[in-house]
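>>> kindly generate the corresponding structure for this input.
(one chain, ligands or ions: 1)
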Amino acid sequence: MNEQNTQMLYQDFPALYRDAGKSMKETCMCWGFSCGDGWYPLVYQLSAQIEVEAQRLGLDPQTEAWPRALQVKEKFGTLRFYVSMDDSSEHRYTLEQFGQMKSLRPVAGIESVQALISEAEEKSATICEHCGAPGTFRQGGWCRTLCEDCETKYQMDRR
Ligand SMILES: [Zn+2]
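Numbers count the residues shown, from 1 in each chain. Below is the predicted model:
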């Protein structure tokens with residue numbers, strides 16, 4: 001994601017992205033948002049929804065109960081948004097399966113927050129990661145979600 005969009009997210013959601021600017025020993029957020037700019041509106045909307053829900057739950061942004069973004073990235077062609085919501089160093093995990101591959105992923109400690117995240121992650125399979133146009137989940141050498149134009153360009157670049 002480009003610098004402008006990245007800074008906009010950090011600026012508008014400082015509590016959620018309080019790890020921004022920390023070193024790579026401390027957080028995966030040192031990599032910023034490891035996905036294309038086409039998903040910026042989706043990530044922005046999800047960030048807003050998470051903070052609204054945290055407010056509704058009566059959480060305090062000054063405490064570790066407030067959702068903390070651990071990592072935001074593209075994986076297997078769709079969005080992954082990892083958060084923690086407690087001060088213990090033991091994050092909650094769930095097993096995620098994709099074809100033959102299995103991996104552990106962190107999940108939010110509160111179900112209503114994780115539901116928002118799951119919804120956005122599913123939605124990312126319908127939005128071109130590159131430009132934000134309606135996209136289709138595609139499987140080939142690797143998986144990605146692109147619109148027709150970006151897919152054509154991608155295929156031509158590979159030749
Ligand atoms: Zn596109």
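>>> can you give me the buried ones in the helix or strand containing residue 157?
Take DSSP states H and E as the rule and residue 157 turns out to sit in helix 148-158. Within helix 148-158, the residues that count as buried by 16 or more other CB atoms under 10 Å are 150-151. The way it works is simple: take the backbone N, C-alpha and C, and place the C-beta from them, glycine included.
>>> again with stretch 78-93
Within stretch 78-93, the residues that count as buried by 16+ other CB under 10 Å are 78-86, 91-92.
>>> could you do stretch 127-143 as well?
Quick answer for stretch 127-143 (16+ other CB under 10 Å): 127-130, 132, 135, 143.
>>> dump it to PDB, restricted to CA.
C-alpha atoms of stretch 127-143 as PDB (Å, rounded to 0.1, in the frame of the first residue of the first chain):
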ATOM      1  CA  ILE A 127     -12.400  -6.400  -4.900                       C
ATOM      2  CA  CYS A 128      -9.400  -6.000  -7.200                       C
ATOM      3  CA  GLU A 129      -6.400  -5.700  -4.900                       C
ATOM      4  CA  HIS A 130      -4.600  -3.600  -7.500                       C
ATOM      5  CA  CYS A 131      -7.200  -0.900  -8.400                       C
ATOM      6  CA  GLY A 132     -10.300  -1.500  -6.300                       C
ATOM      7  CA  ALA A 133     -12.700  -2.300  -9.200                       C
ATOM      8  CA  PRO A 134     -15.000  -5.400  -8.800                       C
ATOM      9  CA  GLY A 135     -12.600  -8.300  -8.900                       C
ATOM     10  CA  THR A 136     -12.600 -12.100  -9.100                       C
ATOM     11  CA  PHE A 137     -10.600 -14.500  -7.000                       C
ATOM     12  CA  ARG A 138      -8.100 -16.200  -9.300                       C
ATOM     13  CA  GLN A 139      -6.000 -19.200  -8.800                       C
ATOM     14  CA  GLY A 140      -2.900 -19.900 -10.900                       C
ATOM     15  CA  GLY A 141       0.800 -19.800 -10.000                       C
ATOM     16  CA  TRP A 142      -0.400 -18.000  -6.900                       C
ATOM     17  CA  CYS A 143      -3.800 -16.700  -5.800                       C
END
